[in-house]
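# Pasting the sequence and the predicted coordinates here, then a few questions.
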Amino acid sequence: MSIIRDSFHSRIGFVLAAAGSAIGLGNIWGFPTQAANNGGGAFVFVYLMVTVLLALPALYAEMYIGNQAQKNPVSALEDACEGVSRNVGKYAGLFGLLGAILMLSFYSIVAGWMLSHALSPLAQLSGFDSVATWLGESSDLRNLIFTPIFIILSALVIKKGVHAGIERWSSRLMPILFLLLVALIIYILQQPGASEGIEMYLVPDFSQLKDPNLIIAAMGQAFFSLSIGVGGMMVYGSYMKKGEGLGKLVVSITALDTLIAILAGLLIIPTLFVAQHMGQEVFTNGQLIGGPQLIFSVLPTLFESMGTVGVYIALMFFSLMSMAALTSTISATEVPVSYLLESKGYSRGKATLLVSIIVLAACMTLVFNFDTLFDAVISWVNTFQLPIMGLFYFIVVGWIWKRGNLLKDKAVIDAKPSLKLWGNYLRFVCPLLLTVVFVNTVMAM
Ligand code: PHE
């Protein structure tokens, strides 16, 4: 007996859900600070190149495998690897699933910080000043409370299913996120000091183009930003009707993700310069502050110095961050949930519960071994997990997968010759380019 799969009900719902996965802390925090520290406009330029030449094709490959299979990522890769060995596909799928859990293990902690910072101004507005201060200061107790809260929020959406949960919530949150972002940009750009930030962000320092680390940084950023390599985009692709002009949808998702990253730069970098104008230290050793200190120290101090309006700005900013994070964590959570549901016979409710417990355990392992594990896990995911899986997708689509792969279907290609070019691009150019960058990354370590 085949069970009818839950699915997205509209193309726009699918695009918003996938854009929701893509648009996250990587865009609003990672992209602007990387740009500021890697030659401003030069980084933006290289990022756009890498996105078009490599990340977009990788996103296509990931979604295409899921879309054709109409199954969870483990089963989809198993099917696609049938010609060689189903086990290869299965273990690759499980490796992606592990990546999803690892991604959630650090992302949910940071998302919890965003949430507590979003509640802090609300506490302040309600007159609970000491609560507001506590919410804005990092502590183990705060992690112990807010990481689980965030995991529960994701679980509540996932438990509702693909249409009633993921599609509905992405369609609600993404437009709000966009409006909040634009409103914040308009406000910040009117503050003294902002224009210097725009200059640093957009005027390219092309001398930095010679630095191989620039391409490596841009590629890592592009893959993370488009959520490539953990199966989240594959599972979303599988919930879309087969053959619905996937190429165009992938282009829209990439364009939205890139637009938000570039807009976020127009918010974050000028904000840093406004903070500098107000007397804050925003450079260390000539580098713009980029890590947690930027988001959780420089920005809150700035918002505080703005008086009452700053309380509302802080509320808007951290709500924006929390929403961006939520639509990203739900896509990663759906990967193991869909696997348990389809391959292990779990109900959606049970699968969501089990995955949430596993993610919570992983998060707590990081919380209690923060200094040794936190950065290490992030760097593992970015440097190895995502590019290796990206490469694997190219090899699957270009070389391994035959049955059901339209790019390998002679009749289809004969009818549409441009497909042949695209197929060859994915088959030869992408794996080669990706390998070159990957080898450079490993050598630069
Ligand atoms: N794309 C998300 C971001 O930019 C992160 C993410 C990675 C989400 C992998 C899901 C899977 O923040």
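Done, it's in.
# Low-confidence bits of the protein, can you list those?
Along the chain, segments meeting pLDDT under 70 span 1-3.
# try 50 this time
Applying pLDDT under 50 to the chain flags residues 1.
# Residue 404 - that's part of a helix, no?
No: counting by DSSP: H, G, I helix; E, B strand; the rest coil, residue 404 is not found in a helix; it is coil.
# With residue 76 as the reference, measure out to it.
Distance, residue 404 to residue 76, using CB to CB, to the nearest Å: 10 Å. Every residue, glycine included, has its C-beta placed from N, CA and C.
# neighbour-wise, which of the two wins?
Taking other CB atoms under 10 Å, residue 404 and residue 76 do not tie; residue 76 has more neighbours (28 against 14).
# Mind checking what secondary structure the more buried one has?
Residue 76 is classified as helix under three-state DSSP.
# wait, isn't it in contact with residue 64?
No: the pair residue 76 and residue 64 fails to qualify as a contact (CB atoms under 8 Å) at a distance of 10.0 Å.
# which ones are touching residue 15?
If a contact means CB atoms under 8 Å, 6 or more residues apart in numbering, then residue 15 has 249, 252-253, 256 as its contacts.
# In these, which residue is surrounded by the most others?
residue 253 (28 neighbours).
# quick one: buried residues of the helix or strand where it lies?
Applying DSSP states H and E as the criterion places residue 253 in helix 246-277. By 16 or more other CB atoms under 10 Å, the buried positions in helix 246-277 come out as 246, 249-250, 252-254, 256-258, 260-277.
# Roughly how far does the residue lying closest to residue 24 once chain neighbours are set aside sit from residue 157?
Nearest residue to residue 24, sequence neighbours excluded (CB to CB, 6 or more residues apart in numbering): residue 328, at 3.5 Å. Using CB to CB, residue 328 is found at 12 Å from residue 157.
# now swap in residue 35 and tell me
31 Å.
# who has more neighbours, those two?
The neighbour count for residue 35 versus residue 157, taken as other CB under 10 Å, is higher for residue 35 (29 against 22).
# Do I have it right that that one meets residue 269?
Yes: the criterion here is CB under 8 Å, and residue 35 meets it with residue 269 at 7.4 Å.
# Now for the two: what residues contact both?
With CB under 8 Å, 6+ apart, residue 35 and residue 269 have common neighbours residue 201.
# What are the boundaries of the helices in the stretch 1-150 of the chain?
11-22, 25, 31-37, 41-50, 56-69, 73-80, 86-125, 129-135, 140-160 (DSSP state H, counting those that start in this stretch).
# quick one: residue 164 from residue 420, how far?
40 Å.
# Can you pull up the residues of the stretch 201-350 of the chain that come close to the ligand?
For the stretch 201-350 of the chain, the contact set with the ligand under CB under 6 Å from any ligand atom comprises 224-225, 227, 230, 232, 328, 331-332.
# same thing but 8 Å
224-230, 232-233, 257, 324-325, 328-329, 331-332 (CB under 8 Å from any ligand atom).
# and what of the stretch 1-150 of the chain?
Going by CB under 8 Å from any ligand atom, the residues of the stretch 1-150 of the chain near the ligand are 21-28, 30, 99-100, 103, 107.
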